[in-house]
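In: My questions are about this predicted structure, shown below with the sequence.
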Amino acid sequence: MSNQSTAFLKSATLRTTQGKYTSSWKLITTLFTSIIGFFLAMHLIGLSLQSVGTGFALDFQAALSNPAIGLFIGLLGTAILQSSSTTTSMTVAAVAVGTLSLENAIPVVMGANIGTTLTSSIVSMSYVTKTREFKKAVSAGVIHDLFNVFVCIILFPLELKFGILSKLSLYLSSAIGLSNPSNIIAEKWTLYQFTDNIGLKIISWIGAIPMLLLAFVMLFLVVKNISNILYKELIGSTKEKFESLAFKNTFKSFGWGFLLTAIIQSSSITTSLMVPLVATGKVELKRAFQFIMGANLGTTITALIAAMFKSEAAVSLAIAHFLFNSFGVILFLAFPYIRQIPILLSEKLGTFSLKYKLTAFTYIMFLFFLLPFTLIYFSKEHKTTPVTSKTTTEVTANK
């Protein structure tokens with residue numbers, strides 16, 4: 001009987017071990033396939049943009065020639081898609097093929113940084129019926145918005161006036177020399193050549209615009225798939241342990257925010273985690289803010305990955321995205337008095353929302369939808385004039 005029990009236990013242990021190995025290999029295979037899919041989707045987007053023709057390219061440039069419109073298109077698009085990774089990756093692809101200039105792309109990325117914060121604000125609204133938790137939930141939900149809005153208010157005018165992000169990112173990409181070696185690798189990579197051949201055949205069958213839409217859907221699904229898999233593996237089964245380890249001090253809060261978002265590739269997921277933790281009193285708002293700043297910097301890794309095997313302008317945009325978020329982290333993390341501003345404002349908004357429940361809903365609708373739509377509408381005339389005159393001049397010169 002004892003021998004039978006021992007044999008049974010050994011057999012059960014063997015099956016468990018084999019199951020773990022099978023699960024691990026399945027996870028690795030899925031992740032590897034998704035990462036390859038990410039690069040292929042980026043390449044197909046670039047290929048589609050190159051094939052759409054000059055008319056579409058001119059319309060695309062015209063739509064984003066006004067930096068204010070670019071900013072709010074990035075905000076609105078990301079708010080709708082709920083994925084800044086998709087928006088920034090699409091923008092990198094457009095810059096890589098020359099459809100969009102670096103100077104016009106930077107405002108789009110700034111807007112995407114704000115648009116991605118909608119998720120945590122929506123999550124906070126789920127606590128509207130819980131009086132004790134609603135105030136803290138709103139504070140945790142909007143602090144990410146306020147952080148990115150403040151950074152944008154500071155850097156957007158400086159970029160318009162002096163081009164600090166575009167010039168510095170171009171200088172750094174040239175100094176580091178990331179673009180030229182990558183182009184050589186891209187030319188030699190057989191998978192890219194195969195994708196070119198297949199992509200061009202599909203474009204000849206269905207057209208460039210449908211191909212662009214298909215590539216965009218592919219990119220969106222791949223990014224979401226990677227985010228969901230890694231979230232489940234890294235946090236899903238160890239949530240309690242994560243809560244006890246990640247928020248002991250400033251360095252750990254910031255570091256975990258950066259690391260998890262860089263791996264998961266979704267700041268929407270990682271920052272939304274803060275809402276229930278703060279609402280239930282498990283994490284202080286100041287620690288959650290430090291985690292969110294780390295997540296904000298970690299999300300720039302997506303653009304850096306997307307810029308691989310691309311042009312110098314694409315690499316420069318990824319660096320500009322990193323510089324934009326780095327400036328915000330240095331400003332709010334290094335100076336405690338400045339750090340208190342978004343914390344105090346988010347707490348005030350939470351208190352006001354507790355008294356007037358429609359306040360939080362009105363805030364979300366105004367910042368993420370009403371404001372972008374209104375400013376895009378009123379910027380139409382300013383947008384079209386310089387582009388028309390430039391096009392007319394070029395046509396006259398060609399004649």
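Out: Yes, it's here. What you see is a predicted model; the values in this text were computed from it and never measured. Numbering: from 1, shown residues only.

In: from here on, contacts and neighbour counts on C-alpha atoms
Out: Fine.

In: Break down the stretch 201-350 of the chain into its helices, ranges please.
Out: Chain-ordered helices for the stretch 201-350 of the chain, with DSSP state H, counting those that start in this stretch as the definition, fall at 208-231, 239-246, 250-264, 267-272, 274-279, 285-298, 300-306, 312-334, 336-355.

In: So the most centrally placed residue in the chain versus Leu285, what's the distance?
Out: For the chain, the residue nearest the mean C-alpha position is Ser84 (2.7 Å; Cα atoms, centre = their mean). Between Ser84 and Leu285 the distance, using Cα to Cα, to the nearest Å, works out to 24 Å.

In: How about Thr261?
Out: Counting by Cα to Cα, the separation of Thr261 from Leu285 is 19 Å.

In: repeat for Val142
Out: Val142 sits 11 Å away from Leu285 when distances are taken as Cα to Cα.

In: Repeat that for Ala140.
Out: Relative to Leu285, Ala140 is positioned 6 Å away (Cα to Cα).

In: Buried residues of stretch 217-225, list them for me.
Out: By 16 or more other Cα atoms under 10 Å, the buried positions in stretch 217-225 come out as 218-225.

In: ok, and what's touching it?
Out: 34-35, 37-38, 41-42, 83, 85-86, 265 (Cα atoms under 8 Å, 6 or more residues apart in numbering).

In: Pipe the helices of the stretch 201-350 of the chain into JSON lines and attach mean pLDDT per row.
Out: Rendered in JSON lines, the data for those read as follows (pLDDT from 0 to 100):
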{"stretch": "helix 208-231", "mean pLDDT": "74"}
{"stretch": "helix 239-246", "mean pLDDT": "65"}
{"stretch": "helix 250-264", "mean pLDDT": "88"}
{"stretch": "helix 267-272", "mean pLDDT": "81"}
{"stretch": "helix 274-279", "mean pLDDT": "88"}
{"stretch": "helix 285-298", "mean pLDDT": "93"}
{"stretch": "helix 300-306", "mean pLDDT": "82"}
{"stretch": "helix 312-334", "mean pLDDT": "91"}
{"stretch": "helix 336-355", "mean pLDDT": "92"}
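
In: Those: which one's closest to Leu76?
Out: Taking Cα to Cα as the measure, the helices of the stretch 201-350 of the chain were each checked against Leu76, and helix 267-272 came out nearest at 14.9 Å.

In: Any idea how many residues pack against Val168?
Out: I think there's a mix-up here, since residue 168 is Leu and not Val. Using other Cα atoms under 10 Å, Leu168 has 15 neighbouring residues.

In: do you know how far it is from Gly70?
Out: Relative to Gly70, Leu168 is positioned 20 Å away (criterion: Cα to Cα).

In: which intervals of the stretch 51-200 of the chain have sub-threshold pLDDT?
Out: Of all residues in the stretch 51-200 of the chain, those with pLDDT under 70 make up the ranges 51-63, 177-196.

In: Which parts of it are helices?
Out: With DSSP H, counting those that start in this stretch as the criterion, the stretch 51-200 of the chain has helices spanning 54-63, 67-81, 84-96, 102-115, 118-125, 131-162, 164-176, 179-188, 190-206.

In: List the buried residues in stretch 278-287.
Out: Of the residues in stretch 278-287, those with enough neighbours to count as buried (16+ other Cα under 10 Å) are 278-279, 283-287.

In: Stretch 345-352 now?
Out: In terms of neighbour count (16+ other Cα under 10 Å), stretch 345-352 has its buried residues at 346-347, 349-352.

In: quick one: contacts of it?
Out: Outside of stretch 345-352, the residues that reach it under the criterion Cα under 8 Å, 6+ apart are 134-140, 142-143, 146, 359-360.

In: Give me the distance from it to the chain's centre.
Out: The chain centroid and the centroid of stretch 345-352 are separated by 26 Å under Cα atoms, centre = their mean, to the nearest Å.

In: pull the CA atoms of it into PDB?
Out: The C-alpha trace of stretch 345-352 is given here as PDB (Å, rounded to 0.1, in the frame of the first residue of the first chain):
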ATOM      1  CA  LEU A 345      -5.700  69.200  -6.900                       C
ATOM      2  CA  SER A 346      -6.800  65.600  -7.300                       C
ATOM      3  CA  GLU A 347      -7.800  65.500  -3.600                       C
ATOM      4  CA  LYS A 348      -9.900  68.700  -4.100                       C
ATOM      5  CA  LEU A 349     -11.600  67.200  -7.100                       C
ATOM      6  CA  GLY A 350     -12.300  64.100  -5.200                       C
ATOM      7  CA  THR A 351     -13.900  66.100  -2.400                       C
ATOM      8  CA  PHE A 352     -15.900  68.100  -4.800                       C
END
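
In: Can you tell me how far Lys161 is from Leu155?
Out: Using Cα to Cα, we find Lys161 at a distance of 10 Å from Leu155.

In: meant to ask about His144
Out: Where Leu155 is concerned, His144 sits at a distance of 17 Å (Cα to Cα).

In: Of those two, give the one with the bigger neighbour count.
Out: Between His144 and Leu155, counting by other Cα under 10 Å, His144 is the more crowded of the two (28 against 20).

In: which ones are touching that one?
Out: Each residue near His144 by Cα under 8 Å, 6+ apart is listed here: 117, 120, 271, 289, 292.

In: Assess the claim that the third one and Ala295 are in contact.
Out: What it means is Thr271. Yes - if you go by Cα atoms under 8 Å, Thr271 and Ala295 touch, sitting 7.0 Å apart.

In: Looking at the two now, which is surrounded by more residues?
Out: When neighbours are counted by other Cα under 10 Å, Thr271 and Ala295 differ, and Ala295 comes out ahead with 30 against 27.

In: ok, the more buried one touching Phe258?
Out: Yes - the pair Ala295 and Phe258 qualifies as a contact (Cα under 8 Å) at a distance of 4.5 Å.

In: shared neighbours of those two, anything?
Out: Overlap between the neighbourhoods of Ala295 and Phe258 is empty, taking contacts as Cα under 8 Å, 6+ apart.
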